[in-house]
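Student: next comes the sequence, and after it the predicted model I'd like to discuss.
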Amino acid sequence: MRPLIQRFALVLLGLAAPALLFAFCVETGAGPWIAAIAGTVFPVALMALGVPRVRRLRGPLLVLWLVLTAGLLAVMALPEGGPDVLGLPAATAILIFILVPVPLAIVGIAYAAAFDVEEDLARIRRLAKKDEGS
């Protein structure tokens, strides 16, 4: 049986996929906003499914989703890209300087911290000894 957080991630994927389909197929004023929110839920839920020890990553995955969602909604809210920041439109600056490096750092550090190196090394050594014996 899957842990509760992984079942919740499956539910989120089940809701995000049709929401994205709806947002891209039906022309409504809310379509882009629905796509932005559902589009940020999807990768975070996939990450939650792929991690063996999700409990340690609940906080970082929530922060990741908040950063992605806030950043994408901010980009969408800026009319014509917004004012210039460092010679770039503000929307482009948010994408380049926030939505790429910040999630990469959050995910990288969180994943590295989530694994018990000694336990993993012991498991790998046991598997190596088992392979040598056969």
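Tutor: It's in. Residues are numbered from 1 along each chain as shown.
Student: enumerate every residue touching the spatially most central residue of the chain.
Tutor: In the chain, the residue lying closest to the centroid (Cα atoms, centre = their mean) is Val44, at 3.0 Å. Applying Cβ atoms under 8 Å, 6 or more residues apart in numbering to Val44 gives the contacts Leu12, Leu61, Leu64, Trp65, Leu68. Quick note: C-beta positions are derived from backbone N, CA and C, even for glycine.
Student: could you export these as JSON lines, including secondary structure?
Tutor: What follows is the contacts of Val44, written out as JSON lines (DSSP: H, G, I helix; E, B strand; the rest coil):
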{"residue": "Leu12", "secondary structure": "helix"}
{"residue": "Leu61", "secondary structure": "helix"}
{"residue": "Leu64", "secondary structure": "helix"}
{"residue": "Trp65", "secondary structure": "helix"}
{"residue": "Leu68", "secondary structure": "helix"}
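Student: quick one: which of the residues you listed is nearest to Leu95?
Tutor: Distance to Leu95 across these (Cβ to Cβ) is lowest for Leu68, with 11.1 Å.
Student: leaving aside the residues next to it on the chain, what's closest to that closest one?
Tutor: Nearest-residue entry for Leu68: Thr40, 4.1 Å, with adjacent residues in sequence omitted and distances by Cβ to Cβ, 6 or more residues apart in numbering.
Student: next one: the one you found from Gly14, what distance?
Tutor: Thr40 is 16 Å from Gly14, where distance means Cβ to Cβ, to the nearest Å.
Student: any idea which element the residue lying closest to Phe24 once chain neighbours are set aside lies in?
Tutor: Counting by Cβ to Cβ, 6+ apart, Ala35 is the residue found nearest to Phe24 once chain neighbours are left out, at 6.3 Å. Using DSSP states H and E, Ala35 maps to helix 31-50.
Student: still on that earlier bit, just give the nearest non-adjacent residue to the residue nearest to the centre of the chain, would you?
Tutor: In space, Val44 is closest to Trp65, 4.5 Å off (Cβ to Cβ, 6+ apart).
Student: hmm, that neighbour is touching Gly39, no?
Tutor: No: with contacts counted by Cβ atoms under 8 Å, Trp65 stays clear of Gly39, the gap being 11.0 Å.
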